[in-house]
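*Asks:* any chance you can model this:
(2 chains)
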Amino acid sequence: DQQVKQNSPSLSVQEGRISILNCDYTNSMFDYFLWYKKYPAEGPTFLISISSIKDKNEDGRFTVFLNKSAKHLSLHIVPSQPGDSAVYFCAARMEYGNKLVFGAGTILRVKS
Amino acid sequence: NAGVMQNPRHLVRRRGQEARLRCSPMKGHSHVYWYRQLPEEGLKFMVYLQKENIIDESGMPKERFSAEFPKEGPSILRIQQVVRGDSAAYFCASSPLPIWLNTEAFFGQGTRLTVV
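*Replies:* Got it, this is the predicted structure:
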């Protein structure tokens, strides 16, 4: 039962352009959403999060958008840099929940 | 301030042996979470522990798997009588407060378990 889905296994973007990573969820009880970045042989690193009471959160080059009615969120990276090449995981948590539910990840490749 | 430390980084076990994975949380963190990542999949929650207590083990397989977080020392994830399907990357995370307070959980580098 995949409650968090990242339907694009990979994405390739030119340096300097925008990267858009998408995530869909099915559980309307999810209250808080996060994006993690993961390099090979390392653990996931927190990037940015958004609460369900907001529709946008921005942190430097990273912006997360949440569309609750569509149960969809996206991560925008502008401008993309080669160092952004990694696997990006979308995760969700229920209100008062103890666990994060992760998507399968999207491999982002930023070409220079 | 050292991050979350997991050891060993790589562990090879024969079928039927026991695997012990260790996790030392960040200093000041009393909340520990274990996740497993199978190939081509996302991380799956296994268990949440707070010092000496198992808070949520809803993701743990019913048999062969156990976890502890003693008063002193690291958290241990123990897998008895390992099978090939246990081969995965096991990640530990820690946080200073429960994550439902929107505090960040920091992940370790993981232990890659290979069962041969």
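*Asks:* around the closest residue in space to B:E68 that isn't next to it in sequence, how many other residues sit close by?
*Replies:* Once flanking residues are discounted, B:E68 sits nearest to B:I76: 5.3 Å by CB to CB, 6 or more residues apart in numbering or on different chains. Where you see a C-beta, it was placed from the backbone N, CA and C, and this is true even at glycine. Neighbour count of B:I76, defined by other CB atoms under 10 Å in any protein chain shown: 16.
*Asks:* cool, and B:K27?
*Replies:* Quick note: B:K27 (other CB under 10 Å) scores 10 neighbours.
*Asks:* separation between it and A:S112?
*Replies:* 38 Å (CB to CB, to the nearest Å).
*Asks:* and what of A:F33?
*Replies:* 30 Å.
*Asks:* quick one, which of these two is more surrounded?
*Replies:* Using other CB under 10 Å as the criterion, A:F33 and A:S112 rank with A:F33 on top: 24 against 8.
*Asks:* doesn't A:F65 make contact with the more buried one?
*Replies:* No - using CB atoms under 8 Å, A:F33 is not in contact with A:F65; the gap is 10.3 Å.
*Asks:* overlap in contacts of those two?
*Replies:* Shared contacts of A:F33 and A:F65 (CB atoms under 8 Å, 6 or more residues apart in numbering or on different chains): A:L73.
*Asks:* chain A contacts on chain B?
*Replies:* B:4, B:6, B:33, B:35, B:40-45, B:48, B:55-56, B:58-59, B:91, B:93, B:98-100, B:102, B:104-110 (CB under 8 Å from any CB of the partner chain).
*Asks:* which residues does B:L77 contact?
*Replies:* B:R20, B:L21, B:C23, B:W34, B:M46, B:V47, B:F65, B:S66, B:A67, B:Y90, B:C92.
*Asks:* does it sit in a helix or strand, and which one?
*Replies:* Taking DSSP states H and E as the criterion, the element that holds B:L77 is strand B:75-79.
*Asks:* ok, now B:Y48?
*Replies:* strand B:43-50.
*Asks:* follow-up on the earlier one: go through the contacts of B:L77 and flag which are in strands.
*Replies:* Among these, the ones falling in strands (DSSP state E) are B:R20, B:L21, B:C23, B:W34, B:M46, B:V47, B:F65, B:S66, B:A67, B:Y90, B:C92.
*Asks:* excluding covalently adjacent residues, which one is nearest to the last one?
*Replies:* So that's B:C92. Per CB to CB, 6+ apart, closest to B:C92 is B:C23, 3.4 Å.
*Asks:* same question, the first one
*Replies:* Counting by CB to CB, 6+ apart, B:R78 is the residue found nearest to B:R20 once chain neighbours are left out, at 5.4 Å.
*Asks:* verify the stated contact: that neighbour with B:E18.
*Replies:* Yes - look at B:R78 against B:E18 with CB under 8 Å: they come within range, at 6.8 Å.
*Asks:* got the residues of chain A near chain B?
*Replies:* Within reach of chain B by CB under 8 Å from any CB, chain A has these residues: A:4, A:6, A:32, A:36, A:41-46, A:49, A:51, A:89, A:91, A:93, A:95-105.
*Asks:* buried subset of these, written for PyMOL?
*Replies:* Here is the PyMOL selection string for the buried members of the residues of chain A next to chain B, based on 16 or more other CB atoms under 10 Å in any protein chain shown:
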select buried, chain A and resi 4+6+32+36+43+44+49+89+91+93+97+98+99+100+101+102+103+104+105
